[in-house]
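Novice: Build the 3D model from these lines:
(2 chains)
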Amino acid sequence: MVQYAQARLDASFAALSDVTRRGVLERLGRSDASITELAEKFDMTLTGMKKHVGILERAGLVTTEKVGRVRTCKLGKRRFEEESAWLERYQQVWDSRFDELDRVVEKLKRKESIDGRKKRD
Amino acid sequence: MDARRETEPTATKNRTTVERRSDREVVVTRTINAPARLVFEAFTRAELFKKWWVPKSFGLTLLSCELDARVGGTYRLVFSHGGSEMAFFGRYIEVVPNSRLVWTNEEGGDGGAVTTVTLEEKGGKTLLVLSDLYLSKEALDAGIGSTDGMGESFEQLDELLVTLGAS
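Specialist: Numbers count the residues shown, from 1 in each chain, chains lettered A, B, ... in the order given. Have a look, this model is predicted:
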């Protein structure tokens, strides 16, 4: 899973390295759009825009759906979610463990200081 | 990979950092407000270890916990979860009192992670660094989470990701 996420992350960065593709993501952030609309907006040929969308799609940043003759593009849900979900889960596990560890050592500290006082008395 | 997460620090709570150092290694760091020898005790004495290693929120019951924290000594944790039992076990390959512990995770057969805990005391506080190092990237992929009895949660996460991917 992590390996898979890593490959996807590489693809995401590659996809984001192009100014047009970043523009497409920004545009799709406002609303879904067809390839034709995107091509017009960025003053490109349909073929050129299809290539860009294809790269974004493979990176999981964009999803497309063809209805009739129109291919509609929208922002992908995945993006960095899987990487961060994995790390978040892992971190929650350790965070709750360490919270408990804090309690355990706090008790040990208190016990030591009580024992220390007893010895001095 | 530059993936990294941190919790917000508060007055009483220290920050837990999780970082993937490489394809094969995940590193967790946390400062504990206590001397290293107390943290070491909490790692090596079963009656203390079982109080924190499996917080209630995990939804697991720890049935038994045996630790023999000596070089070559073994450990074994048995959990109950949803009517089934799971055992996690391995052996200690390095034990340096109050500063370093290295153990294997052998429940998954060969290729399990090696866990290294280092404790560094400074001004009465201890910086705890825990690293899970896998033999290969593939082993990390297969083993992540499961070594800690968190397998099911990660399976659920996997399912969620598959669902997201399909949508």
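Novice: for chain B, what helix or strand is lowest in average pLDDT?
Specialist: Ranking every helix and strand in chain B by mean pLDDT, DSSP states H and E puts helix B:151-166 at the bottom, with a mean of 41.
Novice: where exactly do the strands run in chain B?
Specialist: Assigned by DSSP state E, chain B shows strands spanning B:4-6, B:17-22, B:25-32, B:61-67, B:74-81, B:84-96, B:100-104, B:114-122, B:125-133.
Novice: try chain A
Specialist: Assigned by DSSP E, the strands in chain A fall at A:33-34, A:62-67, A:70-75.
Novice: Save the ones you listed as CSV, and put in mean neighbour count and distance to chain B too.
Specialist: Heads up, the C-betas are built off the backbone N, CA and C, glycines and all. Shown next, in CSV, are the strands of chain A (neighbours: other C-beta atoms under 10 Å in any protein chain shown; distance: least, C-beta to the nearest C-beta, whole Å):
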stretch, mean neighbour count, distance to chain B
strand A:33-34, 18, 19
strand A:62-67, 14, 8
strand A:70-75, 16, 11
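Novice: now the ones you listed in a markdown table, with mean pLDDT?
Specialist: Formatted as a markdown table, these follow (pLDDT from 0 to 100):
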| stretch | mean pLDDT |
| --- | --- |
| strand A:33-34 | 94 |
| strand A:62-67 | 88 |
| strand A:70-75 | 90 |
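Novice: How about residues contacting stretch B:54-66?
Specialist: Here stretch B:54-66 makes contact (C-beta atoms under 8 Å, 6 or more residues apart in numbering or on different chains) with A:93, A:96-97, A:99-100, B:46, B:49-50, B:53, B:74-81, B:85, B:149-150.
Novice: any weak-confidence spans in the chain?
Specialist: Defaulting to chain A. A:1-13, A:77-86, A:119-121 (pLDDT under 70).
Novice: Chain B was what I was after
Specialist: Applying pLDDT under 70 to chain B flags residues B:1-12, B:110-111, B:138-167.
Novice: I'd like to know how many residues surround A:Gly23.
Specialist: For A:Gly23, the neighbour count with other C-beta atoms under 10 Å in any protein chain shown is 14.
Novice: go on, B:Phe79?
Specialist: Neighbour count for B:Phe79, taken as other C-beta under 10 Å: 18.
Novice: got a list of what it touches?
Specialist: Contact partners of B:Phe79, counting by C-beta under 8 Å, 6+ apart, are B:Val54, B:Leu60, B:Thr61, B:Leu62, B:Leu63, B:Glu85, B:Met86, B:Ala87, B:Phe88, B:Gly149.
Novice: Brilliant, that's me finished.
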